[in-house]
Structure formats: structure tokens, C-alpha cells
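Q: Give the three-dimensional model of this entry:
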Amino acid sequence: TAEPVNGLRTRIHGNLHLAKILLVADDFLLTGFEGDMTLPLAERRQKESPLHDVASVLISFRYARTVALEHAIVHRPELRERLEPDLGQWLTLTTRAFLQGYRRSVIEAGVLPSDEAAAQRLLKLFMVIRSVHALRGELERRPEMVSAAIDTLLEQTRSSIEYG
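A: Model (predicted):
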């Protein structure tokens, strides 16, 4: 039986990824608050867990890793074995730093479920949902990115997220 998970529900960005985040001086600026334009406005305005946006950023990190690798090996496929571990480490460190920073910034706001295991399960669920959504979008609009979307979705079945 599923137990209810406590945590804040609020309006979220809804389409947060690295292309929507700008570095300005010593701060970050989030853009594109219209949300996911494939969804009706009423659906975009619904309150959700902010972990939806966290999951979207984590998926975006995975895309960045995959695209960086593909670009690096397009003319030199022999580099794959050398680059994959380094890019994997970059992904691990980036994910950990992002999650720790996010957790520190929202710990008092009641955004996260108080139960650590519940927070991890919820984030994992949102990452799977976001991965499936991304795959659908790539199939419809950017077929050249389908491999990144498939890799990201498959990774969700093999990995765990340490939120904290």
C-alpha cells in the first residue's frame, strides 16, 4: 500500500532545464515561465511538487552529458571509452552539488517530504515521468535527440538518486 507523502505543492516552472537558466554576474536567472507549451494553460497552472522542476534539471544534466559525449566522438569514436567515465563523474558531482544546494535552500520551507526515502522515491518518479515526456517530445520534434532521451529514460531504471 502506498503511503501519502507530505510536502508542499505550489505552482512550478513546468519546463525547467539548462536552456532556461542563465548565468548573470554571480547569480542565476530562470526564464521561460510559460511552462510546457504542449500542455493546456489550466494544466500548467495546477499546483505540483517543486520536485518536478528538480527532476527536470536533473534530466537536463543527463542530456548535457550525453550530447557532450556524442559531439566529442562524432569524428573520433575511439575517445568514447576515455570520456565516458569522466562525463559520468561530472554528472555525479553536478547532480550531488545541485541536490545539496537545493535541499539547503528549501529545508525550512516544507517543500520536501520529511521522510528521506519518500523524497527519493518521489524524485525518482518525477524523473521517470519527465524522461518519458522528453522522449515523446524528441520523437515529435527533434529526432536527432532521440538517443539522448532513450539513454536518459533507460538510466532511470538502473540508477538511484541520493537526495541529500
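
Q: For the strand or helix carrying residue 157, what is the distance to the chain centroid?
A: Per DSSP states H and E, residue 157 falls inside helix 146-158. Relative to its parent chain, helix 146-158 has a centroid offset of 12 Å by C-alpha atoms, centre = their mean, to the nearest Å.

Q: That helix packs against which elements?
A: Secondary-structure packing of helix 146-158 (3 or more C-beta pairs under 8 Å, 6 or more residues apart in numbering; DSSP states H and E): helix 51-73, helix 116-141. Every C-beta, even on glycine, is put in place using the N, C-alpha and C of the backbone.

Q: so what's the closest residue to residue 18 other than its chain neighbours up against?
A: Closest residue in space to residue 18, ignoring its immediate chain neighbours: residue 60 at 4.4 Å, by C-beta to C-beta, 6 or more residues apart in numbering. Residue 60 sits next to 16-19 when contact means C-beta atoms under 8 Å, 6 or more residues apart in numbering.

Q: wait, which of these is closest to residue 3?
A: Proximity of the contacts of residue 60 to residue 3 (C-beta to C-beta) peaks at residue 16, which lies at 27.6 Å.

Q: Quick check, that closest one in contact with residue 28.
A: No - in this structure residue 16 lies outside contact range of residue 28 using C-beta atoms under 8 Å: 11.2 Å.

Q: higher neighbour count, the two?
A: The residue with more neighbours, out of residue 16 and residue 28, is residue 16; 25 against 9, by other C-beta atoms under 10 Å.

Q: and that one, helix, strand or coil?
A: coil (DSSP: H, G, I helix; E, B strand; the rest coil).

Q: Which pLDDT value goes with it?
A: Here, the pLDDT recorded for residue 16 equals 87.
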